[in-house]
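**Q** Here is my input; please provide its structure:
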Amino acid sequence: MHVLSGGAAAAVVKAVQAQFEQTTGHRIDGTFSAVGMMRDKLVSGAPCDVVILTKPLIEQLIASGHVVPGSARSLGLVKTGVAVRSGTPLPRVQTRTELHAALSASQGIYFPDPDKATAGIHFMNVLKALGLDESLRSKFRPFPNGATAMGEMAKSQESGLIGCTQVTEINYTEGVALVGVLPPEFELSTDYTLGICTHARNPEQAQLLAQLLSGAASETVRRQGGFEF
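**A** The predicted model follows:
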């Protein structure tokens, strides 16, 4: 069972993997990265049974014939948050002024791909709105997806680090702590939605996986990670 998914939903897939594999006898082969990258892989012909992206991208894939109409299911809304390494002081980020100060004082800024990842694209726009996209460029530490960015920040020996990505990728990553969501004027809530691919090799198993991912079997892990529904 091939799954292409945005990184924000990686832990949800892994949470139901054992149950799915024990029930069906089939293994889940999941690929998790920036939603734009996953969309491109599907469109270019990569094997895929279930795809998990943002709601607008799933709607586009339904329109283009890559996802079965009527198969879309929401996993919940995910906000974009600010993180630091666990055990380090939590800066204030509730307002534009506080966020500007926290970013300016940092020694390294970790975030996902500003061209392909939902949170990365949004965060780069926030930096531009704050007038920091050029002055802080030497501090930027972009990675292919938010989970990788948070993992690398957790491992770094640098001090004064800060990061921004989906709250799920922060909450599910050991070694980083959620400071809070972005200030209201910069808030971004993303509806992560799954769809069954039109070329799924076993549509019935894909349907079962879709039920596990969007239903009661994954509700606890979704809530723990920051999905809102």
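
**Q** Any figure for the gap between the residue nearest the centre of the chain and residue 59?
**A** Geometric centre of the chain, nearest residue: residue 8, 2.5 Å, by C-alpha atoms, centre = their mean. Residue 8 sits 18 Å away from residue 59, going by C-beta to C-beta, to the nearest Å. C-beta coordinates here come from the backbone N, C-alpha and C atoms, glycine included.

**Q** Over to residue 115?
**A** 21 Å.

**Q** OK, contacts around the closest residue to residue 53 other than its chain neighbours?
**A** Using C-beta to C-beta, 6 or more residues apart in numbering and skipping the chain neighbours, the partner closest in space to residue 53 is residue 35 (4.5 Å). With contacts defined as C-beta atoms under 8 Å, 6 or more residues apart in numbering, residue 35 is in contact with 6, 53, 54, 57, 116, 117, 118.

**Q** Tabulate those residues (TSV), appending pLDDT.
**A** Shown next, in TSV, are those (pLDDT from 0 to 100):
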residue	pLDDT
6	95
53	98
54	97
57	98
116	93
117	94
118	93
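
**Q** Check the residue nearest to residue 53 and give its pLDDT.
**A** The score at residue 35 is 96. That number is its pLDDT.

**Q** and residue 94, backbone torsions?
**A** With angles defined as degrees, to the nearest 10, residue 94 sits at phi -70, psi -20.

**Q** Reduced to three states, what does the spatially closest residue to residue 110 that is not a sequence neighbour come out as?
**A** Excluding its sequence neighbours, the residue lying closest to residue 110 (C-beta to C-beta, 6+ apart) is residue 163, at 3.7 Å. Assigned state for residue 163: strand (three-state reduction, DSSP: H, G, I helix; E, B strand; the rest coil).

**Q** One more: residue 10?
**A** helix.

**Q** For it, which residues are in contact?
**A** Residues in contact with residue 10 (C-beta under 8 Å, 6+ apart) are 30, 32, 147, 169, 172.

**Q** Where neighbours are concerned, which of the residues you listed has the most?
**A** Of all those, the highest neighbour tally under other C-beta atoms under 10 Å goes to residue 169, namely 33 neighbours.

**Q** residues touching that residue, list them.
**A** Counting by C-beta under 8 Å, 6+ apart, residue 169 makes contact with 7, 8, 10, 112, 119, 145, 146, 147, 149, 150.

**Q** The first one: how many residues sit nearby?
**A** The criterion is other C-beta under 10 Å. On that basis, residue 7 has 30 neighbouring residues.

**Q** I'd say it and residue 30 touch.
**A** No: shown here, residue 7 and residue 30 do not form a contact pair, counting by C-beta atoms under 8 Å, at 10.7 Å.

**Q** how near is the residue of the chain most remote from its centre to residue 204?
**A** The centre of the chain is farthest from one residue, residue 25, which by C-alpha atoms, centre = their mean lies 28.0 Å away. According to C-beta to C-beta, residue 25 stands 13 Å off from residue 204.

**Q** Same question for residue 184.
**A** Distance, residue 184 to residue 204, by C-beta to C-beta: 44 Å.

**Q** Could you do residue 92 as well?
**A** For residue 92, the distance to residue 204 equals 51 Å [C-beta to C-beta].

**Q** buried ones in the longest strand along the chain?
**A** Taking DSSP state E as the criterion, the chain has its longest strand at strand 73-85. Residues of strand 73-85 classed as buried by neighbour count (16 or more other C-beta atoms under 10 Å): 73, 75, 76, 78, 79, 80, 81, 82, 83, 84, 85.
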